[in-house]
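**Q** Any chance you could fold what I've pasted below:
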Amino acid sequence: ELSTPAVDKLAVLAASAGPRHIKWHHSAPLLPPRVVEEGRVIYLYRNPRDTAVSWYHFQRMNTLYGFTGTFAQFLDLFLRGDVAYGDYM
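**A** Down below sits the predicted model:
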C-alpha cells in the first residue's frame, strides 16, 4: 500500500515483479518525481465538472474535510485550486 508511512514505496515497487501498475487518484504533480522521470505514465483525465461535483459531495460527507458551504462556494474554491490536494484543472 503506497500510503504506509515510513516505507520507501519506490523501493517496494522496484522489488515487485513486473509488469505492475499504480492507481493514483490525485493530480500528477503529487506523484513522486522518480515515478514520472523513470516510469511510463498513462494519465486519464476526468471531466472537470464531474470531478468538482464528486469532490464537493465527498468533502461534505467526510468528517476530515467537513465542508459546509454551498456548491457555488465550493466551485469557487475548486476553480482557484483552494481545495485539498490542490488544483484539479
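
**Q** what about the residue located most distally from the centre of the chain, distance to I42?
**A** Within the chain, the residue lying farthest from the chain centre (C-alpha atoms, centre = their mean) is A17, at 25.1 Å. Relative to I42, A17 is positioned 20 Å away (C-beta to C-beta, to the nearest Å). The way it works is simple: take the backbone N, C-alpha and C, and place the C-beta from them, glycine included.

**Q** buried stuff in the lengthiest helix in the chain?
**A** If you go by DSSP state H, the chain has its longest helix at helix 48-61. Of the residues in helix 48-61, those buried by neighbour count under the rule 16 or more other C-beta atoms under 10 Å are A52, W55, Y56, Q59.

**Q** can you tell me which residues contact the last one?
**A** Under the criterion of C-beta atoms under 8 Å, 6 or more residues apart in numbering, the contact partners of Q59 comprise Y65, G66, F67, F74, V83, A84.

**Q** now it: how far from V36?
**A** Summarising the geometry, the distance separating Q59 from V36, computed by C-beta to C-beta, is 27 Å.

**Q** again with the third one
**A** Going from Y56 to V36 by C-beta to C-beta gives 28 Å.

**Q** returning to that earlier point: where neighbours are concerned, which of the contacts of Q59 has the most?
**A** Neighbours were tallied for each of those (criterion: other C-beta atoms under 10 Å), and the maximum of 21 neighbours falls on F74.

**Q** In which helix or strand does it reside?
**A** With elements delineated by DSSP states H and E, F74 resides in helix 71-80, which encompasses its position.

**Q** just L44 next, same as before
**A** L44 belongs to no helix or strand, assigned by DSSP H and E.

**Q** begin at 141 from here
**A** Right, with 141 as the first residue, what we last looked at is L184.

**Q** what sits against the residue nearest the centre of the chain?
**A** Central residue check for the chain by C-alpha atoms, centre = their mean: the C-alpha nearest the mean position is that of H166, 1.2 Å away. When the contact criterion is C-beta under 8 Å, 6+ apart, the partners of H166 are Y225.

**Q** and it, which of the three is it?
**A** Of the three states, H166 takes coil according to DSSP: H, G, I helix; E, B strand; the rest coil.
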